[in-house]
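Enquirer: This is a predicted model, with the sequence first.
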Amino acid sequence: MSKIPLQFRHNGHDVAIFVDGGTNLLVALRELIGDMTPKFGCGQGGCGTCSVLVDGELHLSCLTLAETVAGRSIETLDGMKQGPNLHPLQRAFADNFAAQCGYCTPGMLMAAKALLDRNPRPSRDEVIEAISGNICRCTGYEPIINAILAAAGGRASA
Amino acid sequence: MLELRKDIFADERDDNLKEIGRGTQRQDMLGHVTGTSSYFNDHKLQGMLHLKVVRSTQAHARIRRIDTSEAERSGGVRRIIRGTDVPVNLNTLLSLINFGKDDEPSLAVDKVRYKGEPVVAIVADSEREAFEAVAKVKIDYEPLPAVFDVEDALKPGAPVVNETYPKNTFTYHETYDHQRLRFGDADAALATADHVLEQRYQMSPIEHAPTETNGAIAAPDTNGRYVVYTSTQALFFSVDTCAKILDVPSNTFHFIGGTVGGGFGGKVDTLTEPLAILGAMLTGKPVRYVFGREEEMQYGPPRGAERIYIKDGVMRDGRIVARKIRALFDSGAYTRLSSYAAVKCAAHLPGPYTIPNVYGDVYCVFTNRTPATAMRGFGVTAMDFAIECQMDKLANLVGMDPMEFRILNAYRDGDMKAHRREAKNTALIECVQVAAEKAKWPLRDEFRRASSRKDGGGSRAVIPPTPTDSSRARPMAPAQQRTSYDRLPPTVTREPPREPPPPAPPPSPRPAAPSHGATRFSSVFGTRRR
């Protein structure tokens, strides 16, 4: 099977890999780049835990053909920390008990970042809308919504 | 009062406990928010192979022939595993504590007993090649009559689901086909009750739907050992189960787990580890076996379905005088943990209420449905749902406020429970009072003043004469009005009970309870141990 060369930016760094035709972005990131922060939950666009940003826009990496991100910029949770410091969203999630098993957290944080990057002062409804594609089965959505609002408001907790 | 066993735990921690009311960060939170928490699937191993299983398309069928010739020639296939390749291809999870008979194969050999049961496992270079080979396996089935309903499964002549249990019921203590509770004479009390209410409740199977699906990666390690990354919720349980199925000492394995992407009970069945390890043993390579989302939802074990019949006798003043329950727990095709669920279900009767006559039969029933497993309070949850629905209906029937009705019937310290254990540290009354307060639900004074510490014991501490089943006469047709909730007259008014709550005898001297020496009760074996 012939491999397709692919280059893109991954959390600010240029990367180059060879993919099989039909490889999705989630597999490319996890198995070829080695970035394990996007998770596999369903492989059919139903759960949102594989969410990443492509040129700042929220995408489900399990439904994104790897070849389509050539030359574009991918952000994952692995690139969210600012040096040794947590991003305000990460701090707010930790302070507001917005994670329990942690498996949906990477997708939730990327969805939240996509929202705050374009709308730094969202309403509660806008937060709810922004994470409506992300399923959490443990904590419940209230602490997650509160964490995102807290990060947006610059407060320690909601 | 809660008794802290300081003598036992003296060396383990100080008693300077002041955590309640303070925020304390979880130890794994930093890993979760940075994405560095390591789940089983976050390990990429050199040369890793992928395992997928061929699942039964039939709910109940004899396997005539399995043809893997085409699959063997399929691209990238390293190994095809059949039931005969599994060293000990029959197991039951609780056999580790000597409870129940081995009844479930890792890969079906003679028969399939539920739709989706694994029959053949295929190890290939890539996931895609494993899927392609799975599609090329041909299995010739002879369909058998299937049974999907717990009551149908108990009828004479019903198809036998699992030959280990030919009556379609789990066998307790090698003798009994159900769990039984007898306290007082429920039939006699029902015959003299002012109202009798009989209702049927049921709960469907419920899938845990964790965001991370079940899975494991097994890899050959140094010195003939295997390292296993797993999603299991019960790591040591899984180690021992694998040791049994693969017929090796448990120190053959180095299990790494504990970071689980949502479990809720659905990751205790050790479904993926044995085959992943066997694949690694047979190929000498790391092998990953992870459920797809469809497999998780369709064939992952759910909370077991239950059907529950409750027949209660209640007096006009609101006192429940008899509760008769017949509960059927749907285990699916294999036991897994459902035998234990039925024990818990029976242990929960008749709910947190003091009822002088209780009669309970709880069955763990086999059907051709997906085997059930643990899920948050399994065995108790459906029973609680049924009992509390029934409590609302009874309150309505006698014209009482549902919260006051619960306080009236709640158990109190010193009462005798149907299991012949004294009720201690009860707090249902206080819970109802707080709930009412939070909900701004008005309670009358006498119910606001009620306390779990008052009015218990005395005549309520007595174990009533209890006829044995063989001496029990067939119940006569009841003379009192039989009441169906559905035919309830629409104008039920709230009126106070005509009698005060059950008599408040002088507090009986408490039996000299041992203040130390942990007497424990094993619900599985039904024995006391110290």
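Expert: Looks like it came in fine.
Enquirer: wait, what's in contact with B:Ala243?
Expert: B:Ala243 sits next to B:249-250, B:252-253 when contact means C-beta atoms under 8 Å, 6 or more residues apart in numbering or on different chains. Bear in mind the C-beta positions are built from the backbone N, C-alpha and C, glycine included.
Enquirer: Quick check: it vs chain A, distance?
Expert: 27 Å (C-beta to the nearest C-beta, to the nearest Å).
Enquirer: And the pLDDT at that residue?
Expert: Listed pLDDT for B:Ala243 reads 98.
Enquirer: With B:Asn98 instead?
Expert: The model reports B:Asn98 with a pLDDT of 88.
Enquirer: what about it, how many neighbours?
Expert: By other C-beta atoms under 10 Å in any protein chain shown, 8 other residues sit near B:Asn98.
Enquirer: Just the contacts of B:Ala243: which are in strands?
Expert: Under the assignment DSSP state E, the contacts of B:Ala243 contribute B:Phe253 to strands.
Enquirer: Out of the contacts of B:Ala243, which end up buried?
Expert: B:252-253 (16 or more other C-beta atoms under 10 Å in any protein chain shown).
Enquirer: Closest to B:Leu94 out of the contacts of B:Ala243?
Expert: The closest of those to B:Leu94 turns out to be B:Ser250 (C-beta to C-beta; 16.8 Å).
Enquirer: Please, which helix or strand holds B:Phe378?
Expert: Per DSSP states H and E: B:Phe378 is located in neither a helix nor a strand.
Enquirer: secondary structure class for B:His208?
Expert: Of the three states, B:His208 takes coil under DSSP: H, G, I helix; E, B strand; the rest coil.
Enquirer: I misspoke; the intended subject was B:Asp469.
Expert: Applying three-state DSSP: B:Asp469 is coil.
Enquirer: Just give me the neighbour total for it.
Expert: B:Asp469, neighbours per other C-beta under 10 Å, totals 9.
Enquirer: Please report how far it lies from B:Leu181.
Expert: Separation of B:Asp469 from B:Leu181 (C-beta to C-beta, to the nearest Å) stands at 12 Å.
Enquirer: give me the subset of the contacts of B:Ala243 touching chain A.
Expert: Filtering the contacts of B:Ala243 for proximity to chain A by C-beta under 8 Å from any C-beta of the partner chain leaves nothing.
Enquirer: and of the contacts of B:Ala243, the nearest to B:Lys454?
Expert: After measuring the contacts of B:Ala243 against B:Lys454 - C-beta to C-beta - the closest member comes out as B:Ser250, at 52.6 Å.
Enquirer: Against B:Arg225, how distant is the closest one?
Expert: Computed as C-beta to C-beta, the B:Ser250 to B:Arg225 distance reads 11 Å.
Enquirer: hmm, back to that, now render the contacts of B:Ala243 as JSON lines, adding pLDDT.
Expert: Compiled in JSON lines, those are given as follows (pLDDT from 0 to 100):
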{"residue": "B:Pro249", "pLDDT": "97"}
{"residue": "B:Ser250", "pLDDT": "96"}
{"residue": "B:Thr252", "pLDDT": "97"}
{"residue": "B:Phe253", "pLDDT": "98"}
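Enquirer: now, which of the contacts of B:Ala243 sits nearest chain A?
Expert: Chain A has its nearest neighbour among the contacts of B:Ala243 in B:Phe253, at 23.3 Å by C-beta to the nearest C-beta.
Enquirer: What residues does the stretch 101-250 of chain B have near chain A?
Expert: Residues of the stretch 101-250 of chain B found near chain A (C-beta under 8 Å from any C-beta) are B:208-213.
Enquirer: Would you map the strands across chain A?
Expert: Using DSSP E, strands in chain A cover A:3-10, A:13-20, A:51-54, A:57-60, A:73-75.
Enquirer: Counting by contacts, list what the strand of greatest length in chain B packs against.
Expert: For chain B, the longest strand by residue count, based on DSSP E, is strand B:320-332. With contacts defined as 3 or more C-beta pairs under 8 Å, 6 or more residues apart in numbering or on different chains; DSSP states H and E, the packing partners of strand B:320-332 are helix B:150-153, helix B:186-192, strand B:306-314, helix B:338-347, strand B:358-366, helix B:381-398.
Enquirer: Buried deepest among the ones you listed, which one?
Expert: Comparing those by mean neighbour count (mean count of other C-beta atoms under 10 Å in any protein chain shown), strand B:358-366 comes out on top with a mean of 27.
Enquirer: Most distant residue from the centre of chain B?
Expert: Residue farthest from the centre of chain B, counting by C-alpha atoms, centre = their mean, is B:Arg73 at 43.4 Å.
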